[in-house]
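Student: I need the structure of the sequence given here:
(2 chains)
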Amino acid sequence: MRIKRYGVGFAALAVASALVLTGCSGGGASTSTTSANTTAIISTNGSEPQNPLIPTNTNETGGGKITDNIFAGLVYYDEKGAPQNDVADSITTTDSTTFTIKIKPNEKFTNGEAVTSDSFINAWQYGALFSHTQLNSYFFADIEGYNAESDSVLTGLTKVDDQTFTVKLTSPQSDFPLRLGYTAFMPLPSVAFTDLAAFGENPIGNGPYKLASTGAWQHNVKIDLVANPDYTGGRKAQNGGLTIKFYASADAAYADLQSNAVDVIDQIPDSAYQTYTTDLGDRAVNQPAAIFQSFTIPGRLAHFSGEEGQLRRQAISEAIDRDTITKVIFEGTRTPAADFTSPVIDGWSDSIAGSDVLKYNADDAKALWAKADAISPWSGTFQIAYNADGGHQGWVDAVANNLKNNLGIDASGAPSPTFAQVRTAITDRTIQTAFRTGWQADYPGLFNFLGPIYATGAGSNDGDYSNPAFDALLAKGSSETDTAAANKDYQDAQSILFKDLPVIPLWYSNVTGGYGTSVSNVHFGWNSVPLYYEITKG
Amino acid sequence: MAGYILRRLLQAIPVFIGTTFLIYFMVFALPGDPIIALFGDKTPNPAIVAQLRQQYHLDQPFIVQYLIYMGGIFQGNFGVSFSGQPVIEILARTFPVTLRLAVIALLMETIAGILVGMVAGLRKGKLFDGTTLAISLILISLPVFVIAFVAQFVFGVQLGWARTTVGDGAPIQDLILPAIVLASISFAQIVRLTRSSVIETSSLDFVRTAYSKGLGRRRIIPVHILRNSLIPVVTYLATDFGVLLVGATVTEGIFNVPGVGNTLYQAIIRGEGPTVVSFVTVMVLIYLLVNLAVDLLYGLLDPRIRYVK
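Tutor: Below you'll find the model as predicted:
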């Protein structure tokens, strides 16, 4: 789960000023590009990393944008999210439980050290060890020997030779190779372990870029990266370097884009939703991202379990007019949900059996609600909890209005001042209302949207959902060796979710962004981050 | 004089202890667990959360946390942010930027405000006076973020006269636009204060005496009128300097100034106790010092309230 922090607070102010500014924007057309300059530095927006730049401890977008560019893992994801070998020569398995990984010879870190099996094994051992409290440690949970409560060695990692090692998992996980492109699985040079705090300040990697110099990370200001000439993988930089400027708000970044002070941004501020397509023309980007938004109704709430619960959940889902809300409130920067995953993920489908409950149907919703009332009459208010510092009020109020008008019940939002407060109440299960939930994928696979959230006892199963039939289909998908067959199982598993609706799917967040006139070949990856190595400037 | 300064400095000690205690308590009382929030929408493994809470002493009762923090301060250790940087380093990096911004803004508003206010006061009821009053009224009634966004859009994006955000190293030329925004509202206040004070002083007996004994306007205006009109203005400037040093959060955010307000805002959002408390503590100390400096400055302007002994 990559955490994205929005420039909260400023959003509200920005909306007001947008009223002043609307209409004073000039159009812009993309210019024809001259010959690209391979030494040009691309500049982009980012945010100050919240943790030292250690891959196993980087779980938010600010740090992830940097670590993904200065490290190369076994695989990387191309624009479509398909895994391509990066450092890996081959990853093979016969049973989806034991994987043999061969890495390319002559790969090295920017300090000259060779990238070997040990670079991976040591980094993973470090990241998984309990007492190191790495934020990404749960990524190693499927490897044999992992222990979430005390220090324990990953016995499943075995070195064969400098170029080969094997990974043994505790259960079949067909998408394990797909996960290997995530930040947590990057290799580390041996120098990292002598002083990890110092390393996190000036990391040494093996990726398409490297730090321009010691101290290139200027806290709260920017980080300067330059192309790594020794990088040999498929992400070879087509430019001379990358400067990531840290912005406190999306508004500031957008103002810089308009004045050509920054080349590429991957977040349009709310205040510019109405104007950015005219401001930027065909340099505006708005496409679905691997972010699924929903609200969770825990089964422990009165009236929301058993058959009555199913009826009420379906009624609520059908009472929500997703098309209108995404159009009016989000100006088309959200895409109405058609499943529980995301359209950018291989295996996504908008025609899974049961997905009709996502279609707006006020009459049917009313009928379903009445049927539930026949089982046990409804009383009270339906509330959706959210954090007031995240810009959620608009859509929560709109959804509550839908429920009020279409079901004839009392419904409202239940704001808490801070994100920490809501998450704490959710985590310790003291929350007694429905609550906002969202999921940004760690790696481009259907399983990542399902297993961690809806499997019985899973880490992020905030609603304590449990259905043995669903668990069985997930396990079946995990043990397949053929991706298409696995995806079919995951789609079948979603049919069960459509019946039970442990969460009410709302929409997919889009990535909104834009780029300046001096750069070209700008494409956004599956994870909403531009593929910086492809960008040319000249 | 020296004794007075010493006494004032000693008074700062209980204020320091009291404010750190209060602020620490307020951060502690913030609802929600910042460690859980570190994991975003993902529910963390409880054992890891427990370990991290221990690492930041969040599992201790409030008074123990506070004593650990104060103990650190007396050893020059202001704590560590979640990203592992010593808070003292963050302060050392952000404070000069904000200080520069505040000084530029203060110079602008002081010079422009006093000049315009004085002219308006001396020409009471004339066209210049009326226009000034109208403009200052508009400036006062506009929220600072509106001025900031409009200035950024017009001068940064459309005209290209200034950079839209503050660049690397926060050079002075980049800080001029945000400083103008910050100065604009105080400028209006200073104009009004100076104007009314000048009008009042001009009608006092000693000014008429000065005129009647034949002194020229060049001597009367700066020495007799202005000097005696400045006490309320100086009081305002002092508080405003304090506000500029600690309260430019909105403007710093809009222009992406890597200063104190911006950093403090992010720290509050993340619930980083040590960063918030240390920042606010330093701000309180600055406020105390600025106030002391102003009290001393009064004596220079008006010998009647000079501290003798």
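
Student: Pop the domain breakdown of chain B in here.
Tutor: For chain B, the structural domains run B:2-74, B:88-305, going by automatic domain parsing.

Student: Save these as a markdown table, and put in mean pLDDT, distance to chain A and mean neighbour count too.
Tutor: C-betas here are computed from N, CA, C, even on glycine. Shown next, in a markdown table, are the domains of chain B (pLDDT from 0 to 100; distance: least, CB to the nearest CB, whole Å; neighbours: other CB atoms under 10 Å in any protein chain shown):
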| stretch | mean pLDDT | distance to chain A | mean neighbour count |
| --- | --- | --- | --- |
| domain B:2-74 | 80 | 3 | 16 |
| domain B:88-305 | 83 | 4 | 19 |
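
Student: Among these, which comes closest to residue A:226?
Tutor: Among the domains of chain B, the nearest to residue A:226 by CB to CB is domain B:88-305 (15.8 Å).

Student: Helices of chain B, start to end?
Tutor: B:2-29, B:34-37, B:46-55, B:62-74, B:87-122, B:127-141, B:144-151, B:172-202, B:205-212, B:217-219, B:227-246, B:249-254, B:260-270, B:273-301 (DSSP state H).

Student: now what about the fourth one, what contacts it?
Tutor: Contact partners of helix B:62-74, identified using CB atoms under 8 Å, 6 or more residues apart in numbering or on different chains, comprise B:20-21, B:24-25, B:28, B:57-58, B:60, B:78-79, B:273-274, B:277-278.

Student: same thing with the second one?
Tutor: Defining contact as CB under 8 Å, 6+ apart, one finds that helix B:34-37 is touched by A:418-420, A:423-424, A:427, B:44, B:49, B:52-53, B:56, B:58, B:270-273.

Student: how about the biggest helix by length in chain A: buried residues?
Tutor: Longest helix of chain A, by residue count under DSSP H: helix A:483-500. Across helix A:483-500, burial judged by 16 or more other CB atoms under 10 Å in any protein chain shown covers A:483, A:486-500.

Student: Go through these and say which is closest to chain B.
Tutor: residue A:497 (17.8 Å; CB to the nearest CB).

Student: Can you tell me the closest non-neighbouring residue to the closest one?
Tutor: residue A:340 (5.6 Å; CB to CB, 6 or more residues apart in numbering or on different chains).

Student: distance between the ends of stretch A:198-207?
Tutor: Start and end residues of stretch A:198-207 are separated by 19 Å (CA to CA, to the nearest Å).

Student: And chain B, is that stretch touching that?
Tutor: Yes. If you take CB under 8 Å from any CB of the partner chain as the test, stretch A:198-207 does meet chain B, through A:200-201.

Student: can you redo the helices of chain B as JSON lines with distance to residue A:398?
Tutor: As requested, the helices of chain B are exported to JSON lines (distance: least, CB to CB, whole Å):
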{"stretch": "helix B:2-29", "distance to residue A:398": "33"}
{"stretch": "helix B:34-37", "distance to residue A:398": "26"}
{"stretch": "helix B:46-55", "distance to residue A:398": "34"}
{"stretch": "helix B:62-74", "distance to residue A:398": "40"}
{"stretch": "helix B:87-122", "distance to residue A:398": "39"}
{"stretch": "helix B:127-141", "distance to residue A:398": "33"}
{"stretch": "helix B:144-151", "distance to residue A:398": "26"}
{"stretch": "helix B:172-202", "distance to residue A:398": "35"}
{"stretch": "helix B:205-212", "distance to residue A:398": "65"}
{"stretch": "helix B:217-219", "distance to residue A:398": "66"}
{"stretch": "helix B:227-246", "distance to residue A:398": "38"}
{"stretch": "helix B:249-254", "distance to residue A:398": "28"}
{"stretch": "helix B:260-270", "distance to residue A:398": "25"}
{"stretch": "helix B:273-301", "distance to residue A:398": "34"}
